[in-house]
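**Student:** fold the following.
(4 chains)
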Protein chains: 4
Amino acid sequence: MNTLMRRVAAEFFGTAFLVAAIVGSGIMAERLAGENIAMALFANTIATGAALVALILAFGPISGGHFNPAVTFVDAIEHGVPWSVAGCYLGSQCVGAISGTITAHLMFGLPAVALSHRARASFAQTFSEFVATFGLLCVIWGCSRKRAEMIPFAVGAYITAAYWFTSSTSFANPAVTLARSLTDTFSGIRPLDVPLFLTAQFCGAIAATLLFRWLVPGLHTSAKAILVSAGPTA
Amino acid sequence: MNTLMRRVAAEFFGTAFLVAAIVGSGIMAERLAGENIAMALFANTIATGAALVALILAFGPISGGHFNPAVTFVDAIEHGVPWSVAGCYLGSQCVGAISGTITAHLMFGLPAVALSHRARASFAQTFSEFVATFGLLCVIWGCSRKRAEMIPFAVGAYITAAYWFTSSTSFANPAVTLARSLTDTFSGIRPLDVPLFLTAQFCGAIAATLLFRWLVPGLHTSAKAILVSAGPTA
Amino acid sequence: MNTLMRRVAAEFFGTAFLVAAIVGSGIMAERLAGENIAMALFANTIATGAALVALILAFGPISGGHFNPAVTFVDAIEHGVPWSVAGCYLGSQCVGAISGTITAHLMFGLPAVALSHRARASFAQTFSEFVATFGLLCVIWGCSRKRAEMIPFAVGAYITAAYWFTSSTSFANPAVTLARSLTDTFSGIRPLDVPLFLTAQFCGAIAATLLFRWLVPGLHTSAKAILVSAGPTA
Amino acid sequence: MNTLMRRVAAEFFGTAFLVAAIVGSGIMAERLAGENIAMALFANTIATGAALVALILAFGPISGGHFNPAVTFVDAIEHGVPWSVAGCYLGSQCVGAISGTITAHLMFGLPAVALSHRARASFAQTFSEFVATFGLLCVIWGCSRKRAEMIPFAVGAYITAAYWFTSSTSFANPAVTLARSLTDTFSGIRPLDVPLFLTAQFCGAIAATLLFRWLVPGLHTSAKAILVSAGPTA
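**Tutor:** Residues are numbered from 1 along each chain as shown, chains lettered A, B, ... in the order given. Prediction:
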């Protein structure tokens, strides 16, 4: 029980810092780079990728370092984590993500929360979210059996690339998407456009999971073992 | 048989994502950076290098993570992979690469395929492709005996550098070159210029392989062992 | 005794090079990038993050690679390092940091020392320092039990991100803050604003330490073991 | 004998590729970035740092991956490599470096060689070269006993930082300095200014070596063992 609380807390803090990094660096980039949008997105990209490396390294040994409801959801499907724990993770990730937005706003002297007006509604962007999350889960499942200790670097590198190779800049994370609807800055998304993004993300995650069921037959069982061994030992 | 299909599928998805990353980030960079070509190429570079790290980490344990006919060809010459498997890899890489271009176009709301008009035909660029692929294979062979687990980082870092130190921006990959002839965007190449690039790439790969035959005498046998151990265990 | 002197010397050189990297790259960036502040901060960011990776890798095996009084302070609280040693570290870090500023100035042909006129006094910036140092210690404690050999990369990546996601650009280090008050260039801070930054930094470090006491119960004891094993063996 | 030829050849190819990366990316950066010198230097920086990672990973297991007469010189002083071998390395590095400049010029359609007109003659720049090479050797010696497998990343990260925190952009390598006097492009140095740079580099390397003799008493013997174990096993 106590152990579960610690894992849930690790998901809270990890997701909060991840969103604070995304939203905060977006604000800083917009302020400094002005109309040079390429430079702004590039700074936003490096801050996000680097934050992922640091946070998964730091909180991974405690909770697995998901910070992402799509990851937790398919991990539960594959029996890597029980559904009861997955439910706690999901709640914690959403609350953590929103706390991250608020923290970023306070660090830059902005009101705690503001609805975004930035439209992200095209078919191209929705399809991008499907591809981005499909790729993210390919990277995680692909590393999880033989290269689990490399996951922080693989995920950080993947998202760094995906910010640029998708037209949506790869949210690829339902909790992050939710929290980014609450900031009217560089990294925001109009609340209206959130449901379609979430749908695409879960579909992408599930598709990659089905692919890897066939691609690496023994993955399932070993992934479970990895999570257990990565869990808190206290 | 089943195992071969999995390896071929891994080459397909890895090459598709690699090309999607190259072409997609080129489109994004061109749109955001406008006439600031240095910034555009830099974003394109980081996206490509980071994608290589993530993809070789993820798919490497299944297929070896070639994603490149020149690599598969010299690996077959060195008996690292049987010629029959090499043939399947090559087909899969080409189909995967073209799928990557199409995916990138759909993610940015463009027609599925368009022939490039970007000329890349000088002697300097052809020589660059020879040097770039020679260097790529030096890096792969150099790491393959004692530092095989570092290959994802070595290849990602090498291509990051090579985008800038060659006048061709280092395609260094026949399947990728083919697929980039089908996009009329930042990263494209005129179909007319493809054959010379391909020739230079294969020559560079063979030259590096001959060099390393002499440079590291035991490489041959151990490389084979690595591939086997990196192969699917199911 | 002799061993202590070596550890103290390692903290001196490490902190000196870290500050030289921060201040020196700030001067170079300001000179080359002019009014393009985003580009200047980005170059400053990458130089700082990369320097941290190299310096913690190099001096970490000798002294633990703190280079930071806030880190040494909470490490002493957790009995990782005796208070007498901590005192020596703190003095060495401060003298090293100031030497770093002087070295940077000499490398760019500036007077050895100059008081900064750059105001960094808002609530938002002070709160940013609390968050930045809280996060830094989360990363260090989070890695210290099972992934201690990854700390150089985790810290380098974290600070790379934190330069952009905080409005203060994440000093997160009392000795560095002190030394940056002595340069009237890009990375400077008005001496008047130093005390509030220092207070926020120590509070952030202590808060993260209390969190990890609960989050990873066995951390305390094992952190001690890590430091000992990382110490000089001669 | 045969083994020595292989090691010397590895130093040749490694140094040639390193210089080709420095000079080539400088030419590309100058062409694309025009008067945006910060962007040009940044691209040059990342290409150099990434090339170092890839090349030391690839050729390090064969020759130790020095690519730098200052490194070979102090390694010989510390008995890591016999003086006769050191002499061969030095010659190979110089010839390799010049070949790298020529290769870069041919890849960009320029005449094979051209004397540089870029003055780099101030006290600040000479002092910078002392500091840069002192720091480089600190990083190498600091990693060489317990973290030798991390040297490629430590050196790549260090040089990435040092390009920005020194006013000379950290040549820190006599062979590279020589070769850069033969290109009249972005990364060039006036032949007249070479001797002072070389003197400062050797002094910095020796100073760091003397420091580490005291700082890590057992280093000497173990460094030797590392080189042997990293040498060719054939």
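**Student:** from now on I want contacts and neighbour counts done on CA atoms only, so please keep to that.
**Tutor:** Fine.
**Student:** so who does the closest residue in space to residue A:157 that isn't next to it in sequence touch?
**Tutor:** Closest residue to residue A:157 apart from its sequence neighbours, by Cα to Cα, 6 or more residues apart in numbering or on different chains: residue B:50 at 4.7 Å. Shown in contact with residue B:50 (Cα atoms under 8 Å, 6 or more residues apart in numbering or on different chains): A:157-158, A:160-161, B:156.
**Student:** quick one: mean pLDDT for the longest helix seen in chain A?
**Tutor:** Looking across chain A with DSSP state H, the single longest helix is helix A:2-33. Per-region confidence: helix A:2-33 scores 96 on mean pLDDT.
**Student:** which SSE is immediately downstream of it?
**Tutor:** Per DSSP states H and E, helix A:2-33 leads on to helix A:37-63 as the next helix or strand towards the C-terminus.
**Student:** what packs against the helix or strand just after that next one?
**Tutor:** Heading C-terminal from helix A:37-63, the first helix or strand you meet, by DSSP H and E, is helix A:69-77. In this structure, helix A:69-77 makes packing contacts with helix A:83-107, helix A:174-180, helix A:194-215, judged by 3 or more Cα pairs under 8 Å, 6 or more residues apart in numbering or on different chains; DSSP states H and E.
**Student:** quick one on the thing from earlier: pick out the most distant pair among the contacts of residue B:50.
**Tutor:** A:160 and B:156 (12.8 Å; Cα to Cα).
**Student:** who touches both of the two?
**Tutor:** With Cα under 8 Å, 6+ apart as the test, residue A:160 and residue B:156 both reach B:50-51.
**Student:** against residue D:144, how distant is the residue nearest to residue A:157?
**Tutor:** Here residue B:50 is placed at a distance of 28 Å from residue D:144 (Cα to Cα, to the nearest Å).
**Student:** dump the residue contacts of the residue of chain A found nearest chain D.
**Tutor:** As assessed by Cα to the nearest Cα, chain D sits closest to residue A:39 within chain A, at 10.6 Å. The neighbourhood of residue A:39, defined by Cα under 8 Å, 6+ apart, consists of A:29, A:33, B:33, B:39, C:38-39.
**Student:** about what we covered before: is the longest helix of chain A in proximity to chain C?
**Tutor:** Yes - Helix A:2-33 lies within reach of chain C by Cα under 8 Å from any Cα of the partner chain, at A:6, A:9-10, A:17, A:20-29, A:32-33.
**Student:** of those, which is the most crowded?
**Tutor:** The most crowded member of these, judged by other Cα atoms under 10 Å in any protein chain shown, is residue A:24 (34 neighbours).
**Student:** flag the shaky bits of chain A, pLDDT-wise.
**Tutor:** Applying pLDDT under 70 to chain A flags residues A:1-2, A:220-234.
**Student:** spell out which parts of it neighbour chain C.
**Tutor:** A:6, A:9-10, A:17, A:20-29, A:32-33, A:39-40, A:43-44, A:46-48, A:50-51, A:53-55, A:57-59, A:61-62, A:104, A:106-109, A:232, A:234.
**Student:** let's see 7 Å
**Tutor:** Residues of chain A lying near chain C by Cα under 7 Å from any Cα of the partner chain: A:6, A:20-21, A:24-25, A:28-29, A:32-33, A:43, A:47-48, A:50-51, A:53-55, A:57-59, A:106-109, A:234.
**Student:** which residues touch residue A:169?
**Tutor:** By Cα atoms under 7 Å, 6 or more residues apart in numbering or on different chains, the contact set of residue A:169 is A:162-163.
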